[in-house]
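Novice: give the three-dimensional model of this entry:
(3 chains)
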Amino acid sequence: MAVAGSLALLATACGSGDDGSSSGGSTAGALEGRGPITLASGKDTSGNLQNQLNAWNAKHPNEKVELKELPDDADAQRQQMVQNAQNQSDAYSVLVTDVVWTSEFAANQWITPIPEDKVPDLGKLVPATVETAKYRDKLYGVPITSDGGLLYYRKDLLTAAGITDAPKTWDELLADCQKVAATPGGKGMNCYAGQFEKYEGLTVNFSEAVNSAGGSIVDKDGKPDVDTPQALAGLQELQNGFKTGAIPKAAITYKEEESRRAFQDGKLLFLRNWPYVYSLANKTDGSSKIAGKFAVAPLPGKDGPGVSSLGGHDYTISSFAKNKATALDFINFMASEAQQKDNLSKTSLAPTWASLYDDPTLIKQFPYLPQLKASIATAQPRPRVVKYGDVTAAIQQAAYDALSKGSDPKATLTALQTKLQSLITP
Amino acid sequence: MTVTAPVAERPAKEPKQSKRPQRFNEGTGRLAALLLSPTLLVLGLVVLFPIISALRESLFTSGTKLDANGFIVKGSTFVGLDNYLDIFKGDTGHRFWNAFYNTTFFTVVCVVLETVLGVAMALIMHKAFKGRGIVRASILVPWAIPTVVSALLWKWIFQADGVANQLIGAQVLWSTEGWQSKLSVIIADTWKTAPFIGLLVLAGLQTIPAEVYEAAKVDGASVWKTFTRITLPLVKPALLVAVLFRILDTLRIFDLPFVLVGPHKDSVETLSMLAYDQAFNTRYGPAAAYATVLFIYVAVVAYAFVRILGADVIGEARAKKPGGGGGGGKRWKKKNAVKGSADTSVGAVAMGGGA
Amino acid sequence: MAAVAPQPAEAGPIRRWAPLAGVAVIVIYCLAPFYWMVVSALRRPSDQFSNKIIPAPFSIQNFKDVFAGSNGFGRGLLNSLIVAGTVTILTLIIGMVAAYTLARLDFKFKNVVLAIIITTSMFPGISLVIPLLKLFIDIKWINTYQAMIVPSLSFALPLAVWNLTSFFRQMPQELEQAAMVDGCTPAQAFRKVIIPLAAPGVFTTAIITFIAAWNEFLIALSMTNKKSIQTANVIISQFTGTTGRDQPFGSQMAAGVVVTIPLVIAVLLFQRRIVAGLTAGGVK
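Specialist: Numbers count the residues shown, from 1 in each chain, chains lettered A, B, ... in the order given. As a prediction, this is how the structure comes out:
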């Protein structure tokens, strides 16, 4: 009896398992159906997302959006979405996806293409961010928030050392460190840190070093192109930074928060981090020792301004969702200027609406907006590949070995190139 | 809860006596099946079914090819044992054996430390003294903290400028490759799970009658001798179950190295993490193959453990049959609760002052 | 660490104080990290990075943040209690019946059954989630309590059955036989004689089951997507800072303290039962 029961279950479950051909037939892009939908997102940090949903729900009583909060951790979010897609569940209608997931989700047909003419505001968004929502030139989502790296620096110490402008190149940055070290205030200061723990942040930092030195991880056609002198120069900058102590040893354990902590404790002269640090480091409640003493600049490069990696989130539509027409309308609502402006001022999340970066009242509230605009406008996406998980793991492995074990940079990049070729070429 | 003496409360119906022998012999197979069915049903539904479906999955691959439009070709292909063979090839094989070594290393070191600490904790919790309720509760605190939270806590403690480094006055980068990351996992795991062994052993200690100790005292046995000759043999079943389940758990260790040190670090990567990594990248076939290999490894270790050390744990059925089953002179069965009829090895001591 | 038998009265100071020192060392070892957790929770959020031994100034802001309305943490605690409580009760009932059967009845394949039961705790838990999710979607169990209870039950049963079997086996069979001579049915003999005597094992199993079910995370996360049914652990995983990138370590630790305290209370209550077992029991 018991055995029969579990055998029956086994049969049904296996039956639905591998005949994937019948499923996911929504690739034609029929965005039809109206009614209630859900929004799968990481935690609504400020509560503002719920406010925005309330505003939408008040206007669309028959097409309400329910928020499904996922864990804070990005990997855990992705995993919940993938699990639901694997089971063709309609529990999530609109997905808030990290920009690096687009290719994988699209290639698996877990998300539905969106015709560009159905997104009226597309032309108003920062072009680099729109690219993150595309796979093989087809649009699969609408970018709602963006993110770019900034160089935080101790303006007070630079001024004391007689330096007026933030460094534009890596060499200038190192020279500034020397000058500051010679001043009384610069005693015991570490020069620079980013995020070098073996995780996604290392891919971001490594890509920025390579891109800022004129190299690239993948070329314009999406082919791996990391075994170049430019990429080598980028990697060597970081490697030498660790060797000479310009980058403190502890930075190999830094994620965003650890590096922010070092900067706020007044131990770092320069910090590469995201815009979120700005308001936290300016807090005067005692948590930051450097409130009012720092400023931001675009990232430094080899011979000129550097190139940031692009962060942020797109809103995409699950292929297995019901009421896709409502989902599309809702995404357009969230992409609108009014909503993005509201969201920026309440949550400080970087918008994708280009003109907001020039809005004087917003700049007053967020003085880093002009620098962030420059950062995002020239930012490079991380490799947009289907096997992103494997690609980023390979990049992290190579960069981590080079930075922590001091492995030969040239050989490391050659090996990385081979590895990426096996992962990217279909 | 007051415990009644083994005397019936209600007067009995007359012919009970004749029923008793049947109870233990006849039709027991069917009765046993009936009584065991809830357990087997639950386990079958929630664990055996997924295991079987994973075994099946491990023979397939899917999602490896892109079609002309850049879409992943749907459906899965039967690949036989390829997923298993791939595990042992080239770089992957290197990574596998490294993870295999780490898993074994963590299991041996952690379980040994936890056993020693756990038994010590049990002995302390067993002692009668004022405030022992509080002591017991505090010993169990580490085990009670959710793994999600305790992993974060230890990560915080082991940060570059965390309290651990402040205490030892040096900057050890705990999450980097090397012995220190292994050590951090061992410290956190031992801290968290030694109380588990302690609790189970404590329960075992509770069933040892005081008379046995009194007898030992009368005989003038030393503290150490009492421990090794009486306490240890008598808590052996409880201890073995506790250690066995710790071995099963530690062989599958995942959360602590993953959160505390991080994924893809050679020093702490375990077999569970390899399976996770495959599944994370939606390669469910290879993931299932890794899980199955780990499963087989765990089963072999558990079997060896029970064979070598644990005849007592499940060996009763054999022992009861006349002349059946191996087992050395150390076998002892259902004897310790009553009146000093203890194990033969401690019998002399126990009998000496028995009730 | 030898400290079982009571010390003779004439023991020297070292012999008298050594066990006490052992107790102190073990307690400090167990509590120090927990202390750090409590201290971190009691700092002001702005002092989150401090390494001071005592939080100054002291603040309960983190606890307030934990219970902030939008988190639904109170509801999460209730859900955890429902799930863990049900799992514990069911595990004890089902597990005791199975363990008693295995300990007392003489039938073929006994060892095979024991082996099958333990085999189910040998598969990596993370590999069970996807097939289970598929199954629960098929039978429409998503966002139900049973989707969390039944898996936790199956994770707890092997240890419960094995542990209880080893306990029941130590009970002399003569006890039930005597009880049955006195007119108990086998079921009564089990309930009135064996269970009380095996109380240490039963309550230990209860504590371990409760803690394991209370701390279960992966299944609870995957099988639910509605806030009203999520357990406290899932809610903790959703905690985040003001911008999503900053980590709210203080409130995570505060939440950790809040979810741990019910367990400590449960242990305090149950542990008396562990001791109550034999000392209060009938066999003297």
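
Novice: run through the strands of the stretch 201-350 of chain A in chain order.
Specialist: For the stretch 201-350 of chain A, applying DSSP state E, counting those that start in this stretch gives strands covering A:268-273, A:294-297, A:310-317, A:350-351.

Novice: most tightly packed of these?
Specialist: strand A:350-351 (a mean of 29; mean count of other Cβ atoms under 10 Å in any protein chain shown). For every residue, glycine as well, the C-beta is placed using N, CA and C.

Novice: check whether that one comes near chain C.
Specialist: No - contact of strand A:350-351 with chain C (Cβ under 8 Å from any Cβ of the partner chain) is absent, the minimum separation being 10.4 Å.

Novice: next: stretch A:241-256.
Specialist: Yes - for stretch A:241-256 and chain C, the contact criterion (Cβ under 8 Å from any Cβ) is met by A:E256.

Novice: what are the buried residues along that stretch?
Specialist: Residues A:241-242, A:246-248, A:250-256 are the ones in stretch A:241-256 that count as buried (16 or more other Cβ atoms under 10 Å in any protein chain shown).

Novice: same check, this time on stretch C:165-179
Specialist: Under the neighbour-count rule (16+ other Cβ under 10 Å), stretch C:165-179 has C:165-172, C:175-179 buried.

Novice: from chain B, how far off is the residue nearest the centre of chain A?
Specialist: With the centre of chain A defined as its mean C-alpha position, the nearest residue by Cα atoms, centre = their mean is A:G311, 2.3 Å away. A:G311 sits 20 Å away from chain B, going by Cβ to the nearest Cβ, to the nearest Å.

Novice: OK, contacts around A:G162?
Specialist: Counting by Cβ atoms under 8 Å, 6 or more residues apart in numbering or on different chains, A:G162 touches A:K179.

Novice: pLDDT at it, what is it?
Specialist: Predicted confidence (pLDDT) at A:G162: the value is 93.

Novice: next, it: secondary structure please.
Specialist: Three-state assignment for A:G162 (DSSP: H, G, I helix; E, B strand; the rest coil): coil.

Novice: same check on A:D147?
Specialist: With three-state DSSP as the basis, A:D147 sits in strand.

Novice: what's the burial count for it?
Specialist: For A:D147, the count of nearby residues is 25 (other Cβ atoms under 10 Å in any protein chain shown).

Novice: any idea what it is bridged to?
Specialist: Each beta-bridge partner of A:D147 is listed here, defined by DSSP bridges: A:G311.

Novice: ok, it touching A:A350?
Specialist: Yes - at 5.5 Å, A:D147 and A:A350 qualify as touching, with contact defined as Cβ atoms under 8 Å.

Novice: rewinding a little: need the strands of the stretch 201-350 of chain A in TSV with mean pLDDT, can you?
Specialist: Formatted as TSV, the entries for these read as follows, by pLDDT from 0 to 100:
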stretch	mean pLDDT
strand A:268-273	96
strand A:294-297	95
strand A:310-317	95
strand A:350-351	94
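
Novice: in the stretch 1-150 of chain C, what residue is nearest chain A?
Specialist: Closest approach of the stretch 1-150 of chain C to chain A (Cβ to the nearest Cβ) occurs at C:S46, with a separation of 3.7 Å.

Novice: what's the separation between that residue and chain B?
Specialist: 17 Å.

Novice: tally of neighbours for the closest residue to that residue other than its chain neighbours?
Specialist: Once its chain neighbours are removed from consideration, C:S46 has its nearest residue in A:S287; the separation is 3.7 Å (Cβ to Cβ, 6 or more residues apart in numbering or on different chains). A count of nearby residues for A:S287, using other Cβ under 10 Å, gives 19.

Novice: contacting residues around A:S287?
Specialist: Contact partners of A:S287, counting by Cβ under 8 Å, 6+ apart, are A:264, A:280, C:45-49.

Novice: closest one of the residues you listed to chain B?
Specialist: Relative to chain B, and with distances defined as Cβ to the nearest Cβ, the nearest of the contacts of A:S287 is C:F49, at 8.1 Å.

Novice: A helix includes the closest one, no?
Specialist: No - going by three-state DSSP, the assignment for C:F49 is coil, not a helix.

Novice: how many neighbours does it have?
Specialist: Other residues near C:F49 number 22, with proximity taken as other Cβ under 10 Å.

Novice: can you redo the buried residues of stretch C:165-179 as CSV with pLDDT, distance to chain A and secondary structure?
Specialist: Converted to CSV, the buried residues of stretch C:165-179 look like this (pLDDT from 0 to 100; distance: Cβ to the nearest Cβ, whole Å; DSSP: H, G, I helix; E, B strand; the rest coil):
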residue, pLDDT, distance to chain A, secondary structure
C:T165, 90, 20, helix
C:S166, 86, 25, helix
C:F167, 85, 26, helix
C:F168, 87, 23, helix
C:R169, 84, 26, helix
C:Q170, 80, 30, helix
C:M171, 79, 29, coil
C:P172, 80, 33, coil
C:L175, 82, 32, helix
C:E176, 80, 28, helix
C:Q177, 83, 32, helix
C:A178, 86, 35, helix
C:A179, 86, 31, helix
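
Novice: touching, the residue of the stretch 1-150 of chain C closest to chain A and A:K283? I think so.
Specialist: Yes - under the criterion of Cβ under 8 Å, C:S46 makes contact with A:K283 at 6.7 Å.

Novice: which one of these two has more residues nearby?
Specialist: Between C:S46 and A:K283, counting by other Cβ under 10 Å, C:S46 is the more crowded of the two (17 against 13).

Novice: in contact with the more buried one: list those residues for me.
Specialist: Counting by Cβ under 8 Å, 6+ apart, C:S46 touches A:283, A:285-287.

Novice: so where's the chain uncertain?
Specialist: No chain in the question, so chain A it is. Chain A contains residues with pLDDT under 70 at A:1-29, A:45, A:425-426.

Novice: actually chain C
Specialist: By pLDDT under 70, the weakly predicted segments of chain C are C:1-12, C:241-244, C:271, C:273-284.

Novice: strands along that one, start to end?
Specialist: For chain C, none of the segments meets the definition of strands by DSSP state E.

Novice: again with the stretch 1-150 of chain B
Specialist: Counting by DSSP E, counting those that start in this stretch, the strands of the stretch 1-150 of chain B are B:60-62, B:76-78.
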